[in-house]
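Novice: Make a model of this:
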Amino acid sequence: TNEWLTNLNSVPNVLNMPRVGLGVTVCCDKIYVTGGFDGRTFLKSTEIYDENTQQWHLTYNNINKSDKDI
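Specialist: Numbering: from 1, shown residues only. Model (predicted):
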């Protein structure tokens, strides 16, 4: 809808894995969230948000250096 969300309670979905220090890329109606830290482990996964379906999809172990971001 090309609008900023001001009420975070209205966000339809959240990431499958909480993370900080992540890398984010936006391309072709999708948001790619890669790497980061969950408080215990450096993550090697990427989550992809599809704006058309409003769903997050989790992929596993697809980056070689889990302590690096993009």
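Novice: Please enumerate the strands of this protein.
Specialist: Taking DSSP state E, the strands of the chain run over residues 23-27, 30-34, 46-50, 55-59.
Novice: mind putting those in TSV, mean neighbour count, mean pLDDT and distance to residue 15 included?
Specialist: The C-beta positions use only the backbone N, C-alpha and C, and glycine is treated the same way. Output for those, formatted as TSV (neighbours: other C-beta atoms under 10 Å; pLDDT from 0 to 100; distance: least, C-beta to C-beta, whole Å):
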stretch	mean neighbour count	mean pLDDT	distance to residue 15
strand 23-27	11	93	11
strand 30-34	17	92	6
strand 46-50	17	92	5
strand 55-59	13	90	6
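Novice: okay if I get those strands as a markdown table plus distance to residue 40?
Specialist: As requested, the strands of the chain are exported to a markdown table (distance: least, C-beta to C-beta, whole Å):
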| stretch | distance to residue 40 |
| --- | --- |
| strand 23-27 | 19 |
| strand 30-34 | 18 |
| strand 46-50 | 18 |
| strand 55-59 | 17 |
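Novice: Nearest to residue 13, out of those?
Specialist: strand 55-59 (5.5 Å; C-beta to C-beta).
Novice: That closest one - contacts with which helices or strands?
Specialist: strand 46-50 (3 or more C-beta pairs under 8 Å, 6 or more residues apart in numbering; DSSP states H and E).
Novice: residues in contact with the strand it packs on?
Specialist: Around strand 46-50, the neighbours that count as contacts under C-beta atoms under 8 Å, 6 or more residues apart in numbering are 13, 15-17, 29-35, 55-59, 62-63.
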